[in-house]
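Enquirer: Quick one, fold the following:
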Amino acid sequence: MFESFIGVNFWTALFVLLNTLAIFFVAKKYLFVPVKNMIDSRQKEIDDMYAEAGSARQEAKELQAEYQQKLSVAQATSERIVKEAVARGLSREDEIIRKANEEAAAIIDKASADIAMEKKKAINDAKNEISDLAMAIAGKVVERELDGKDQQALIDSFINGLGDGV
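Expert: Model (predicted):
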């Protein structure tokens, strides 16, 4: 009665169940296992790609840190070179100023020496002129004999002549 009411034959249901199990085992062996292997290999490829990307990212970070370190070293080096160049420039400037001051002092010393020499020469020339005048006066005195008045007049004119020359 159950069989007629539902319309299912036990042997047919058993045969369908066995067929289903057979198809399942065949599908498992030839379909599910290869598909699972393919999915596993794809998952492994994806995991490997993620690992490579992670290592590439880490390597990029290391390269960036190395680049930053080299850049800071280069900046420090360039600052040091600029400071050294400025110091050399200032040193050279001081040396040039010192040499110019030395040359100016030498020129001033030479000018002072030249002035002193010219002054001595002028004094010597004046002494020579005075001695020439004294010789001329002595010559005039010797040429003629002078009385007291003539001698006094000659001395006065000599002194007046000195005053005009000075």
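Enquirer: Next, name the residue at the spatial heart of the chain.
Expert: residue 82 (0.9 Å; CA atoms, centre = their mean).
Enquirer: I'd like the distance between residue 85 and residue 97.
Expert: 19 Å (CB to CB, to the nearest Å). (Glycine included, C-beta is placed from N, CA and C.)
Enquirer: Likewise for residue 68?
Expert: Distance from residue 68 to residue 97, by CB to CB: 43 Å.
Enquirer: ok, now residue 104?
Expert: Distance from residue 104 to residue 97, by CB to CB: 10 Å.
Enquirer: Quickly find the element holding the residue nearest to the centre of the chain.
Expert: In this assignment (DSSP states H and E), residue 82 forms part of helix 33-143.
Enquirer: Output the contacting helices and strands for that helix.
Expert: helix 148-165 (3 or more CB pairs under 8 Å, 6 or more residues apart in numbering; DSSP states H and E).
Enquirer: what is the mean pLDDT for the helix it packs on?
Expert: Helix 148-165 shows a mean pLDDT of 69.
Enquirer: ditto for stretch 110-129
Expert: Computed over stretch 110-129, the average pLDDT equals 88.
Enquirer: Same check on stretch 59-66?
Expert: Here the average pLDDT along stretch 59-66 is 94.
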